[in-house]
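> I would like the atomic coordinates for the input below:
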Amino acid sequence: SCISLCFLLPELQNYALQSVLGQYAEEVLTIKNRPILKNLLRYWKRHSGLAESFFWNRLTGNDRKVELLSFDKAHIVSSKYFYYHNLPKVFVRKQDQCDIYCAGSDQNWNPYFGRKESFNYLGFVDSSRTFSYAASFGIDQIPSQYRESVRTGLQHIRYLSVREEAGKRIVEELTGRTDIQVLVDPTMLLTTQEWDRVAQKPKAELPEKYILTYFLGTVSSERRAVIN
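I've put the predicted structure just below:
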């Protein structure tokens, strides 16, 4: 049997879910995907700030990119790259290559990131072969202009689980479904020992005692005061 993962970054969630599903299937394959260039350019034009950030990260984050690609090559079992618009043609023709398809990862259904297409909801395969694991919207409500496409996508997924209570409310509101489960992030499914198998000790020289803080966005003065 084969399980196919329709995954968007990050790598550690991809690796964790691949490892767990590997206990139930002979093979777990991650579908690599990318939009065609004209669609990508159209999206960047509408979101110029994101485009600027993307190109800046490409210029300044090469070390990070190298590490991520290296991790992918070593630990993620992947397909070749497919383009979004070709996926329906490919998988209608070759549906029997996997028994079931899973959608997952961080904010993989966030419409602000362009993740509102049929592809993100496994629309390229029959609904009977689909499920999501701890899928995330990353927002508390779906903007009105995206609600219909998101509703259609959610109705296509046979077995639905999300990562946040807010995500459960979104699905229930849009679809009326009452079978939604809230499950932990895939990275929480592996033990410390399992993570140690792929972990590498950092090369940085650190003091004997230190505090590491990690924030998405700006740290408020109140939080900085507490940290200090």
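> using the three-state scheme, assign residue 102.
Assigned by DSSP: H, G, I helix; E, B strand; the rest coil, the conformation of residue 102 is strand.
> give the bridge partners for it, please.
For residue 102, the beta-bridge partners are residue 5, residue 131 (DSSP bridges).
> report all helices and strands that the strand ranked longest in the chain contacts.
As assigned by DSSP state E, the longest strand anywhere in the chain is strand 27-34. Contact here means 3 or more Cβ pairs under 8 Å, 6 or more residues apart in numbering; DSSP states H and E; on that basis strand 27-34 packs against strand 2-7, helix 11-21, strand 78-83. (Each C-beta comes from the backbone N, C-alpha and C, glycine too.)
> any idea of the mean pLDDT in the first one?
Mean pLDDT, strand 2-7: 65.
> same check on stretch 152-164?
95.
> repeat for stretch 167-182
On average, the pLDDT along stretch 167-182 is 96.
> with stretch 140-148 instead?
Stretch 140-148 comes out at a mean pLDDT of 94.
> output it as CSV, nothing but the C-alphas.
Coordinates of each C-alpha in stretch 140-148 appear next as CSV, following Å, rounded to 0.1, in the frame of the first residue of the first chain:
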residue,chain,number,x,y,z
ASP,A,140,-9.5,32.8,12.7
GLN,A,141,-12.0,33.3,9.8
ILE,A,142,-12.0,33.0,6.0
PRO,A,143,-12.4,36.3,4.1
SER,A,144,-15.7,36.5,2.2
GLN,A,145,-14.0,36.4,-1.3
TYR,A,146,-12.4,33.0,-0.5
ARG,A,147,-15.3,31.3,1.4
GLU,A,148,-16.8,29.5,-1.6
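> got any ranges where this structure has weak pLDDT?
The chain contains residues with pLDDT under 70 at 1-9, 33-62, 80-96.
> all helices of it, in order?
Counting by DSSP state H, the chain has these helices, from start to end: 11-21, 37-46, 48-60, 62-75, 87-93, 147-156, 165-175, 192-196, 221-227.
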